[in-house]
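Q: No letters, just coordinates:
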């Protein structure tokens with residue numbers, strides 16, 4: 001749905017004085033500031049300058065006649081009045097998005113807006129899935145947000161999106177999770193690492209190597225640490241990074257080995273600078289989950305994508321197995337050459 005310009009007036013469930021003196025853009029800016037916790041990030045998301053965001057926020061505050069946000073050090077604290085306004089604005093935006101989809105359905109069209117948020121590792125395969133979906137529904141507009149696990153949990157709690165894709169859904173009754181694709185975790189090293197020439201490597205052996213791991217709180221890190229704990233060993237953690245790509249670069253640079261999702265090698269495959277080690281207990285078999293709020297009706301487009309993703313689990317599984325097979329064949333070829 002197109003966003004109205006700054007001169008348009010919203011006619012909805014707001015007090016009359018707000019309807020007369022508040023623009024849709026001001027409400028949009030306020031919602032982004034509160035949700036993102038930053039004037040700068042709100043400006044970036046809305047493609048506005050920071051002075052414009054600050055000016056429109058000041059006008060909205062003046063219209064309300066009371067503070068909406070207070071500055072506490074570097075953090076923004078929403079006042080009671082600000083929280084009331086935020087909850088109302090979010091309900092308005094959600095209803096408008098639903099209205100857009102329902103009107104499109106009445107016209108016999110499969111169009112509307114899909115709001116999708118994915119965990120950082122999922123960005124390595126979700127664009128391909130989205131591309132196939134959009135070819136079936138070319139009139140659909142897609143909003144894709146990429147975030148870490150903590151941010152994803154916050155988005156789910158705030159009901160900010162239609163669907164979420166992550167490797168470990170939050171354990172709460174308000175959330176419904178659908179497993180739909182494999183997400184194997186493997187041990188990676190640079191192609192010239194000595195362990196690349198070994199097979200059936202013990203977990204105790206790799207634990208002595210310098211490890212580059214995801215930051216605390218990462219689902220990948222948690223799964224790896226559980227496996228090490230089951231063998232009563234602790235990895236030699238050399239560095240912690242929050243980016244899969246940064247970790248792969250440090251591995252290629254010879255700073256250590258790592259545990260990551262096999263999906264992170266989907267583009268370069270077995271011909272890239274990163275190798276997958278043959279370690280007992282690996283791959284760690286995990287799954288992706290499609291998550292949404294329980295009890296909240298999905299829009300027609302969100303329901304269509306949910307069904308599409310579940311139906312396309314097998315092609316994703318086949319691509320993962322094919323990729324892992326490439327590394328296995330390369331390991332076997334290396335062993336054959338060494339014994340010849």
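A: Now that the structure is in, tell me what you want to look at. Keep in mind it's a predicted model, so treat the numbers as computed, not measured.

Q: any idea where the helices of the stretch 51-200 of the chain begin and end?
A: For the stretch 51-200 of the chain, the helices defined by DSSP state H, counting those that start in this stretch cover 80-106, 126-136, 149-157.

Q: Need the nearest residue in space to residue 329, chain neighbours excluded.
A: Excluding the flanking residues, the one nearest residue 329 by Cβ to Cβ, 6 or more residues apart in numbering is residue 270, at 7.9 Å. (Each C-beta comes from the backbone N, C-alpha and C, glycine too.)

Q: swap in residue 220?
A: Using Cβ to Cβ, 6+ apart, the nearest residue to residue 220 is residue 214, at 5.0 Å.

Q: burial measure for that neighbour, as a count.
A: Per other Cβ atoms under 10 Å, the neighbour tally for residue 214 reads 24.

Q: OK, contacts around it?
A: Residues in contact with residue 214 (Cβ atoms under 8 Å, 6 or more residues apart in numbering) are 220, 221, 240, 241, 242, 244, 247, 260.

Q: List phi and psi for the closest residue to residue 158 other than its chain neighbours.
A: Of all residues beyond its chain neighbours, the one nearest residue 158 is residue 35 (6.9 Å), with distances taken as Cβ to Cβ, 6+ apart. The phi/psi pair for residue 35 (degrees, to the nearest 10) reads phi -60, psi -40.

Q: how about the strands of the chain, start to end?
A: Assigned by DSSP state E, the chain shows strands spanning 69-72, 75-78, 112-119, 140-147, 163-166, 175-182, 185-190, 210-214, 236-241, 258-261, 274-276, 287-293.

Q: Buried deepest among the ones you listed, which one?
A: For those, the largest average neighbour count (mean count of other Cβ atoms under 10 Å) is found in strand 258-261, namely a mean of 27.

Q: Contacts for it next, please.
A: So strand 258-261 is contacted by 121, 124, 167, 183-189, 211-214, 220-221, 223-224, 244, 247-248, 250-251, 282, 284, 286 (Cβ under 8 Å, 6+ apart).

Q: Which neighbours in the sheet does it have, and how are they oriented?
A: Next to strand 258-261 in the sheet, as set by DSSP bridges, lie strand 185-190 (antiparallel).

Q: Determine the angle, from 0 to 180 degrees, between the partner strand and strand 210-214.
A: Relative orientation of strand 185-190 versus strand 210-214 (axes from the mean of the first three to the mean of the last three Cα atoms, to 10 degrees): 130 degrees.

Q: what mean pLDDT does strand 185-190 have?
A: Summarised as a single mean, pLDDT over strand 185-190 is 94.

Q: How far away from the center of its chain is it?
A: 22 Å (Cα atoms, centre = their mean, to the nearest Å).

Q: And stretch 222-237, by the same measure?
A: Distance, stretch centre to chain centre, for stretch 222-237: 25 Å (Cα atoms, centre = their mean).

Q: I'd like to know which of the strands of the chain is closest to residue 41.
A: Closest approach to residue 41 among the strands of the chain (Cβ to Cβ): strand 75-78, 10.6 Å.

Q: Quickly run through the sheet partners of that closest one, with directions.
A: Partner strands and pairing direction for strand 75-78 (DSSP bridges) are strand 69-72 (antiparallel).

Q: got the contact list for the partner strand?
A: Strand 69-72 has contacts (Cβ under 8 Å, 6+ apart) with 33, 34, 57, 76, 77, 78, 79, 82.

Q: and the closest residue to residue 324 other than its chain neighbours, how many neighbours?
A: Nearest non-adjacent residue to residue 324, counting by Cβ to Cβ, 6+ apart: residue 262, 6.2 Å away. For residue 262, the neighbour count with other Cβ under 10 Å is 23.

Q: Residue 262 against residue 283, yeah?
A: Yes. Between residue 262 and residue 283 there is a contact under Cβ atoms under 8 Å: 6.7 Å.

Q: Quickly list what's touching both of those two.
A: Shared contacts of residue 262 and residue 283, defined by Cβ under 8 Å, 6+ apart, are found at 184, 185, 186, 324.

Q: So what pairs up with the third one in the strands?
A: Beta-bridge partners of residue 186, counted by DSSP bridges, are residue 260.

Q: For it, give its distance to residue 310.
A: 25 Å (Cβ to Cβ, to the nearest Å).

Q: Break this protein into its domains for me.
A: Domain assignment for the chain by automatic domain parsing gives 16-94, 110-181+288-321, 185-285.

Q: Go ahead and confirm residue 21 touches residue 64.
A: No. Contact criterion Cβ under 8 Å: residue 21 and residue 64 do not qualify, at 9.5 Å.

Q: These two: who's more crowded?
A: residue 64 (20 against 14).

Q: quick check: mean pLDDT across stretch 84-95?
A: Here stretch 84-95 scores 84 as its mean pLDDT.

Q: May I see the buried residues of that stretch?
A: 85, 86, 88, 89, 90, 92, 93, 94 (16 or more other Cβ atoms under 10 Å).

Q: likewise stretch 221-236?
A: Quick answer for stretch 221-236 (16+ other Cβ under 10 Å): 221, 223, 224, 225, 227, 228, 233, 235.

Q: Of those, which is the nearest to residue 162?
A: Distances from residue 162 to the buried residues of stretch 221-236, taken by Cβ to Cβ, are shortest for residue 223, at 27.0 Å.
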